[in-house]
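[1] Model the structure of this input:
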Amino acid sequence: MQHEIFFIMNGFYLCIVAFLIVLAVFDLIVGVSNDAVNFLNSAIGAKVARFRTIVAVAAVGVFAGASMSNGMMDVARHGIMMPAFYSFSDVMCVFLAVMATDVILLNIFNTLGMPTSTTVSMVFELLGGAFAVALVYIIKGATDAEGMPLSLGDLLNTEKALSVIVGIFLSVAIAFVFGAIVQWLARIVFTFTYRVNGTTTSIDTLRSEGKHDMLSSSLKIGIFAGIATTSIIWFLLINGLKNANFMTPELKTLINENTWLILGSGCAFFSFVMTILSALKLPVLKLVVLLGTFALAMAFAGNDLVNFVGVPLTGLDAYMDYSAHGNGDPHSFMMQSLMGSAQTPVLFLVIAGLIMVLSLIFSKKAQNVVKTSVDLSRQDEGDEMFGSSALARVLVRHVQHFSDNVSRYIPRPVKEWVDSRFNAEAAVLPEGAAFDQIRASINLVLAGLLVAFGTSMKLPLSTTYVTFMVAMGTSLADRAWSRESAVFRITGVLSVIGGWFITAGVAFIICFLITNLLVFSSKIAVLFVVIVVAIVALVIGLLLKRGKPTPEDTPTDKLFKQLLAVKDKSVCWTILKQYVSLAAADNVHFASQTYKAVSDAFLQENYRVLRLTTHHIETAHKQLKRQRRREIICLRKIDPLLAIQKNTWYFHVSNNTEQMLYCIKRINDACIEHVGNNFPSLPSALSEHFGRYQQAFLVVMEQTEMLLSRQPLTYEDAAALRAKIEHEQHVFEQYQKQIIQLIQHHDTNIPAATVYLSLIQESQLLMSNLRHILRGMAKFTS
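    Below you'll find the predicted structure:
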């Protein structure tokens, strides 16, 4: 009988181990998507190569790092909990809860395009699960081998958890500050007009640069590239290859004892080589960026692989120990074996590396997360992903006030000289690049050095936190955060940082709850529920990602990207006319659809539609602000005299578009108040009359939309349609007088008639806005 029970329980826990391994595969996929920002953002942002080439370099680094890693850090075995005091059953409950929580959390963050730390999520999941079991042991009065009651300090490695929390603050602050300082110094040395691949990045410099300047530029770039290359190789030795099989203790000791000799010799050698290559007009900075991408990818795979497969493989080790030495009762078999370190079979590492490579190549979520980091560090003005928050506005205001006070004490010649070194307008970036190769190199080198320094000092610096905050610090030092974009960029940074801290709390709480369910309930039933929840979360994330339209799919966004990339002012003006016309047509289309939805909902007393429309109108107002900011940025790219000439008509169109949305909002507010209070409905006679007027109004709205979408828009066509709209406006005006006369009768439903009158009045104003938009667009595009 005992043998049969052991066989049944053995099969049950084998199913749990199999599910853990399946979740590990999904964890590898979503984890690589999240951590891709660590090693891809600099190379992609600087456009050092095609996207496929960058991903290929990173893929080689990921596979090499995964294959040479021992794949098993102690944090998954005894870094958080003390498994010697935990039973096999409770350990498997904790591991199952950890993996389910990890997959759900990472999938949510990747779908939102927000980078987070896989290390922090895993550590706090382990802490939450182990804490749940530890509380049960303490409440039951569990004792150690000497009969002493177990305390929380005996069951949990609280010191490790505290070091991770401290590491979060350290990595965020240190990376940002050092990134800003180092990038400021680098820009002082190189400016935005350094020479790359035999040509300068500034037209003015190209004309004035002589042989002496070219030699000086090659020397500066060569020395910089030499230092960067040495730093990257040192980062590989310290962080990327520290767990490789050939890194014996003797070799590590030899490296540590000759640190400065290795660094000095490497700097001298690589500086000489890079100077020669730069003088031969070879793209040495591209080489540095690609080498840094490879190093970070390799270190990521080598060190963070445990975040994805450490828990499942530890669960497999626990199961193997229970199968070999278990006495049949999983609740009494203690996990003393997990107190020691384990070596992962090479086959598992190779398989994990292949999965990570395939995920990196095919994952669209990885590109989404990278886009967040690149957009927040972009050098030029452009579309901002985030809005404005109160905290960001306060920070910008106080920092600007502090900067103004400090600036008063700096001599004017010094300020003018520093400003001349930060003249970003003189730079010519590759098409589609967010920043230059100097900043990309700084991002990679500094992130690698900080992570390597943290590793040598036993500080748990998160790779995600360091790389992201270094990129933010360098963009701030490069003056990429202007007064016009600073509040949006800071809001984005605060959102990402907030997400990091939320990860820790949510991971702890969810894993704590799931572990309690597994411990106190029927394990088979709860196991089924956990499996279903994890699968549903993955499917929902996939469906939401597919169903959510991306900004790149809209024609206006494609035109905006073309406008940012184009340098020729005449070509820019041609595209700008198309963009403004198409955006105006989209706004008219929204107004037409919303007007019909609101008026129909009022007549049908559909309160739900009116409530939803309120949200849609608020979203449209935010989109209009975003659109106006885009268009003003693009107006700066055309000829200044032409911009002055067309500026009046552009704002004429923009202001009337805004007034059009306000008209829709006033109609909706009146209708939602009437329907929400359950006031008497509109008489059927008036409803029937309005149907004809509504149809006539929607026809002119549709014709306006079609005319704005058509290129080119002639003044004659606009004048003809304006005349038709004016006629319809006059018809509405006559109808309005009839309604006013109707209200004078005592038997008229005053509340409904008043809302109806407001609807007709606002319809007239909408038609007036349409006429002004047509006139302004005809003048703007002519």
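
[2] So which other helices or strands are in contact with the helix or strand harbouring M660?
    M660 belongs to helix 640-676 when assigned by DSSP states H and E. Identification of packing neighbours for helix 640-676 by 3 or more C-beta pairs under 8 Å, 6 or more residues apart in numbering; DSSP states H and E yields helix 569-604, helix 607-635, helix 750-781. Using the backbone N, CA and C atoms, a C-beta is placed for each residue, glycine as well.

[3] can you give me the helices in the stretch 151-300 of the chain?
    For the stretch 151-300 of the chain, the helices defined by DSSP state H, counting those that start in this stretch cover 152-155, 158-190, 203-208, 211-235, 249-257, 259-279, 284-325.

[4] quick one: which of those helices is nearest G11?
    When the helices of the stretch 151-300 of the chain are compared by C-beta to C-beta, helix 284-325 sits nearest G11, at 10.5 Å.

[5] Show the contacting residues for E762.
    Going by C-beta atoms under 8 Å, 6 or more residues apart in numbering, E762 touches 663-664, 666-667.

[6] Return the member of these nearest to T193.
    Checking the contacts of E762 against T193 with C-beta to C-beta, the nearest one is I664 at 49.7 Å.

[7] wait, what's in contact with the residue lying closest to that closest one once chain neighbours are set aside?
    Using C-beta to C-beta, 6 or more residues apart in numbering and skipping the chain neighbours, the partner closest in space to I664 is T594 (5.2 Å). T594 is in contact with 613, 616-617, 620, 664, 668, counting by C-beta under 8 Å, 6+ apart.

[8] Now do the same contact list for M81.
    M81 is in contact with 94, 126, 130, 133-134, 155-157, counting by C-beta under 8 Å, 6+ apart.

[9] now do 6 Å
    130, 156 (C-beta atoms under 6 Å, 6 or more residues apart in numbering).

[10] What is the most widely separated pair among the contacts of T594?
    A620 and N668 (11.4 Å).

[11] re the thing from before, now, which of the contacts of T594 sits nearest G310?
    Closest approach between the contacts of T594 and G310, by C-beta to C-beta: H616, at 45.9 Å.

[12] Identify the nearest residue to that closest one in space, disregarding sequence-adjacent positions?
    T594 (6.5 Å).

[13] Check which element follows the helix or strand containing L476 along the chain.
    The secondary structure element spanning L476 is helix 463-477 (assigned by DSSP H and E). The helix or strand immediately downstream of helix 463-477 is helix 486-520, counting by DSSP H and E.

[14] Just list what that following helix packs against, helices and strands only.
    Secondary structure elements in contact with helix 486-520, counted by 3 or more C-beta pairs under 6 Å, 6 or more residues apart in numbering; DSSP states H and E, are helix 88-112, helix 118-140, helix 390-407.

[15] distance between the shortest one and the chain's centre?
    Per C-alpha atoms, centre = their mean, to the nearest Å, the displacement of helix 390-407 from the mean C-alpha position of its chain is 25 Å.

[16] got a list of contacts for the helix or strand that comes right after it?
    Next along the chain after helix 390-407, taking DSSP H and E as the criterion, comes helix 412-421. With contact meaning C-beta under 6 Å, 6+ apart, helix 412-421 is reached by 188, 191.

[17] Buried residues of the next helix or strand after helix 412-421, list them for me.
    The first helix or strand that comes after helix 412-421 along the chain, using DSSP H and E, is helix 437-456. Under the neighbour-count criterion of 16 or more other C-beta atoms under 10 Å, helix 437-456 has 437-452, 454-455 buried.

[18] start to end distance for stretch 150-165?
    End-to-end distance for stretch 150-165, by C-alpha to C-alpha, to the nearest Å: 25 Å.
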